[in-house]
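Q: next one to model:
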Amino acid sequence: MIKLVASDVDGTLVPDGTFEIDPEIYDVIKKLKEKGITFVAASGRQYASLKKLFAPVADRILYIPDNGGFVRGSKGETWLKRPMEKDLIRAIVEDAEKLPDVELMLCGRDYAYVGSEDGRLYNWMREAYRYEIKAVPDLTDIDDDIVKISIFHPEDAERIVKDWFYDKWKDTILLAPAGVYWVDCSEPSINKGSALQFLLDKYEIKPDEVMVFGDNINDLGMLACAKESYAIGSARDEVKQAAAHVADTMRNQGVIKVLKEQLLK
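A: Residues are numbered from 1 along each chain as shown. Below you'll find the model as predicted:
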């Protein structure tokens, strides 16, 4: 019997960088709750963005924001946080700023931080992702629990990072592509899988009682936590190979279809 459903957001429930979510998911989540099944939004997005996206059911779900940097309860309470060391943040930022045509975003407890209000990132994150975001003069000197450094490139972040940055840092930090525009940098222990395992331990839930959905590299750890793991039909090949099942595409509401067919008959 499934007791918990965890789903990625961008590329799985909504097109990357939008709020275009099918409102039917709210009814599905309510029905899951009535059946005693907990829904977890697991995303690279910050908590504030997820809370806005799931507003009609915000107090009925749990949250794994920032790729597992935090775990938060239905009222926004922080159950787990895993901030990066200040010296590591400084070193990563200094190197990442050398990459061509990129912008950086540092992700903290309640805010994300960028270097300028004039760049592409500041307004895009506020308007498309509805982030709580601040521009600061020095990204290496932020008084917050920074759990993730996101490298943004307007065309192909993964290609830019693999030029030299990846080889230098691959043995020190976790480098996780998160869609076309993003590569996320974090401590190796910080990922959606370890955050989901925290919840499974907390609620004493077994892998065969979990259903998970994802589409990208940063979802692999989470898929490994569940016997009923699904790659969305539009997922990367690596994710399809790792998942037990392949659902329909995001555009065809693959997550909703599986939940209705498998759990809400």
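Q: residue 195 against residue 80, yeah?
A: Yes. Residue 195 is in contact with residue 80 according to CB atoms under 8 Å; the separation is 6.7 Å. Heads up, the C-betas are built off the backbone N, CA and C, glycines and all.
Q: more crowded one of those two?
A: Legend: neighbour count by other CB atoms under 10 Å for residue 195 and residue 80, higher for residue 195 (28 against 15).
Q: who's in contact with that one?
A: 42, 64, 68-71, 80 (CB atoms under 8 Å, 6 or more residues apart in numbering).
Q: element containing it, please.
A: According to DSSP states H and E, residue 195 maps onto helix 192-203.
Q: relative orientation of the helix or strand following that helix and helix 192-203 in degrees?
A: Heading C-terminal from helix 192-203, the first helix or strand you meet, by DSSP H and E, is strand 210-214. Put simply, strand 210-214 runs at 160 degrees to helix 192-203, going by axes from the mean of the first three to the mean of the last three CA atoms, to 10 degrees.
Q: tell me, how many residues neighbour residue 138?
A: Residue 138: 10 surrounding residues under other CB under 10 Å.
Q: kindly report the same for residue 159.
A: For residue 159, using other CB under 10 Å, the count is 12.
Q: setting aside sequence neighbours, what's the nearest residue to it?
A: Distances taken as CB to CB, 6 or more residues apart in numbering place residue 153 nearest to residue 159, at 7.9 Å, with adjacent residues excluded.
Q: equivalent analysis for residue 68, please.
A: Among residues not flanking residue 68 along the chain, residue 195 sits closest, at 3.4 Å (CB to CB, 6+ apart).
Q: residue 219 too?
A: residue 8 (5.0 Å).
Q: sec struct for residue 221, please.
A: Classification of residue 221 using DSSP: H, G, I helix; E, B strand; the rest coil returns helix.
Q: just confirm it contacts residue 192, I think it does.
A: Yes. The pair residue 221 / residue 192 is scored as a contact, 5.5 Å apart, by CB under 8 Å.
Q: of those two, who's got more company?
A: Comparing residue 221 with residue 192 by other CB under 10 Å, the one with more neighbours is residue 192, at 30 against 24.
Q: report the contact partners of that one.
A: Under the criterion of CB under 8 Å, 6+ apart, the contact list for residue 192 reads 6, 8, 42, 64, 67-68, 214, 218-219, 221-222.
Q: tell me the most packed of these, by neighbour count.
A: That'd be residue 219 among the contacts of residue 192, by other CB under 10 Å, with 35 neighbours.
Q: wait, what's in contact with that residue?
A: Contacts for residue 219 (CB under 8 Å, 6+ apart) come out as 8, 12, 42, 192, 212, 239.
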